[in-house]
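Trainee: Please find the sequence and the predicted model below.
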Amino acid sequence: MHLIKNIYFILFILTTSFASAQVKFEAKVSKKQLGVNERLRVDFEMNQDGDNFNPPSFNGFTVVGGPSQSVKNSWINGVRTYNKTYTYFLAPKKRGNFTISQASISIKGETYKTLPIKIVVTAAVDKPKDPNDPNYIASENIHLVAEVSNRTPYLNEAITVVYKLYVSPNTGVDNWREIDTPRYNDFWSQNIDMKGQKVQNGTYKGEDYRYLILRRTVLYPQKTGKLNIEPLTLDISVQVPTNRRDIFGSRLMSRVHKTVSAGNVNINVKALPEAGKPIDFNGAVGDFNFKVSTSKTELDATESLQAKVEVRGKGNLKLFKLPKISLPSSLEVYEPEHTESVRTNLDGMQGSILDTYTVVPQYKGKYPIPSISFSYFDLKTESYKRLSSDELIIDVLDGPLNSSDVNNAASSNIKQRVVLNNDQFAFIKTKTNFSPIETIHFFKTNMFWFLLLSPFLAIPLAIFIRRKKADRDADVYGNRIRRADKLAKRYLKSAKKALGKKEAFYIALEKALHNYLKAKLHIETNDLSKDKIQSFLGEKGVDADTISSFNAIMESCELARYTPIDIVTMQDDYDKAAKTISLIDKQAR
């Protein structure tokens, strides 16, 4: 019996020693899905003390707390339990899928790493209320409101979204930044300049507040039915009063970070009525004037004039096309030059759009410019209106007669036109040969000496070029970068040619990205979703930031139809695409 007890004791000691020898180092998160207005807690736990702890980079998050360190050391039934934890508090920068990458630590000469953890960040969510929480106190005194001018507009009718930040008098705001910007899908959008804004006094739910207008946006809905305006989300540094006071009796303030959101806003877009819709209606909505004019009404043949088709007024001026003018075939007409003089304010677009045709008459005579019409939907009367131009006459005073006019003149008039002989100037010589008066010899000229000395000058130049080529060939990393850059330029050649033409540019850019993936991954990308493409790139060793950049460019291509894009934004997207293709080519295995 005594021997059996000793055996059990030895086995217990061995088991305890084996258990204590197992090293555990793992990462834990408070949740794997959170809203962009929430906080994430990340704990890195180990059961043995270590050195050289290296946290991950936390891409997609801002560290708002930590690292804090805690150690637990206890003895239970003679068994020592040790636990050490590094804790971080993170705030998401934007929505999307992110990965908490590996952390590492050295324990007894061995390096241990945690497993990556995938985190999903969604739109802002409602958070539980805790009256003792400083964040809750801040939320009761800070409000971000989206005010929509009209929740039941017509298709292509302007509405305004004004974002106001309300702050109660007993709190203060140090700074703020946008962490989630509305994308306004299914809208044409234009932000209004907000320079020179000042804090104003007002009321919020019947109480006195100060407020600041952060953003004004004009939207033109491009679809009918129920549409969603995404929320604007801010990260704000707020000064919250506490119960502590200084030696002078003044209340001390505590600074907290608060994420506020304007919330989703739904609007119901009405379709334009079918009753009374003109055949030539092309989507103009507003209040307009229509005019067709010419720069001159009398001129000679081969001279030019400008015919102008202009619409002026208030409405969706950038979202419809002007009617075409119809001219006689005897007038040579060039493609119109389109110009816009449109300003956008809280009432929407105002100004004028103009098509200018250059017209060159070929023959003498009088030519009519027929009346053309322009139709639009008037929001005031909620009915369609048609405007027509006056008929204009172009009088060509001098020039050759049209063939039909010549035949008519020959039959009704004895006099005939004088036909000139093609050889009437044959006695005048039109060509000659010139010979120099003084002869210049090549010997001892500047060119002679240059050609004589050039071989001797070329020798050191050739040596220099050869050395540079050897250095370049030895630069493996540099050559790989240059090859990747050439690859990006080759695929993006068509997109670069279309810079300045929004639709053609983004179609070419999207096609270039798909063609590159076909060549690189040997897959048909047209049938794959964004998640599958992301999975393929991840399997090839492409890091998360590069994949995120690739997805962002693809989203820009999709959203370009609904948002105003200028040449600066197109150039920026082109540069991002070239950089992303280069990075994928360098990283992919």
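Mentor: Yep, it's here.

Trainee: Mind checking what helix or strand follows the helix or strand encompassing residue 81 in sequence?
Mentor: Assessed by DSSP states H and E, residue 81 sits inside strand 79-92. On the C-terminal side of strand 79-92, the closest following helix or strand by DSSP H and E is strand 96-100.

Trainee: Return the list of strands paired to the next helix or strand after that following strand, each annotated with direction.
Mentor: Downstream of strand 96-100, the first helix or strand assigned by DSSP H and E is strand 104-107. Sheet pairing of strand 104-107 (DSSP bridges) gives strand 51-54 (antiparallel), strand 110-113 (antiparallel).

Trainee: Going by neighbour count, list what's buried in the first one.
Mentor: What it means is strand 51-54. residue 53 (16 or more other CB atoms under 10 Å). Yep, even glycine has a C-beta here, placed from its N, CA and C like the rest.

Trainee: residues making contact with that strand?
Mentor: Residues outside strand 51-54 that contact it (CB atoms under 8 Å, 6 or more residues apart in numbering) are 44, 86, 103-107.

Trainee: change it to 6 Å
Mentor: Contact with strand 51-54 is made by 104-106, as judged by CB atoms under 6 Å, 6 or more residues apart in numbering.

Trainee: In its sheet, which strands sit next to the helix or strand that comes right after that strand, and in what direction?
Mentor: With elements assigned by DSSP H and E, the helix or strand that comes after strand 51-54 is strand 61-76. Within its sheet, strand 61-76 is paired with strand 79-92 (antiparallel), according to DSSP bridges.

Trainee: In the partner strand, which residues are buried?
Mentor: Quick answer for strand 79-92 (16+ other CB under 10 Å): 84, 86-92.

Trainee: could I get those residues as a markdown table with pLDDT and distance to residue 266?
Mentor: Formatted as a markdown table, those follow (pLDDT from 0 to 100; distance: CB to CB, whole Å):
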| residue | pLDDT | distance to residue 266 |
| --- | --- | --- |
| 84 | 85 | 50 |
| 86 | 87 | 44 |
| 87 | 87 | 40 |
| 88 | 89 | 37 |
| 89 | 87 | 34 |
| 90 | 89 | 31 |
| 91 | 88 | 28 |
| 92 | 89 | 24 |
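
Trainee: Now do the helices in the stretch 401-550 of the chain.
Mentor: 403-412, 446-474, 476-491, 493-497, 502-521, 530-539, 544-559 (DSSP state H, counting those that start in this stretch).

Trainee: by contact count, what packs against the second one?
Mentor: Here helix 446-474 is seen to pack against no other helix or strand when contacts are counted using 3 or more CB pairs under 6 Å, 6 or more residues apart in numbering; DSSP states H and E.

Trainee: what residues are up against residue 41?
Mentor: So residue 41 contacts 30, 89 (CB under 6 Å, 6+ apart).

Trainee: please redo it, this time with the cut-off set to 7 Å
Mentor: Contact analysis of residue 41 by CB atoms under 7 Å, 6 or more residues apart in numbering lists 29-30, 87, 89.

Trainee: One more: residue 139?
Mentor: Counting by CB under 7 Å, 6+ apart, residue 139 has contacts residue 258.

Trainee: give me the number of residues near the residue nearest to residue 549 when sequence neighbours are not counted?
Mentor: In this structure, residue 549 finds its nearest non-sequential neighbour in residue 580, 4.7 Å apart by CB to CB, 6 or more residues apart in numbering. Residue 580 has 23 neighbours, counted by other CB atoms under 10 Å.

Trainee: what's the answer for residue 160, then?
Mentor: By the criterion of other CB under 10 Å, residue 160 has 17 neighbours.

Trainee: next one: residue 458
Mentor: Per other CB under 10 Å, the neighbour tally for residue 458 reads 11.

Trainee: Could you do residue 150 as well?
Mentor: By other CB under 10 Å, neighbour count at residue 150 equals 12.

Trainee: What strand or helix carries the residue nearest to residue 556 when sequence neighbours are not counted?
Mentor: Nearest residue to residue 556 in three dimensions, chain neighbours excluded: residue 573, at 5.3 Å (CB to CB, 6+ apart). Using DSSP H and E, residue 573 falls within helix 567-587.

Trainee: Am I right that residue 197 is in a helix?
Mentor: No: counting by DSSP: H, G, I helix; E, B strand; the rest coil, residue 197 is not part of a helix but coil.
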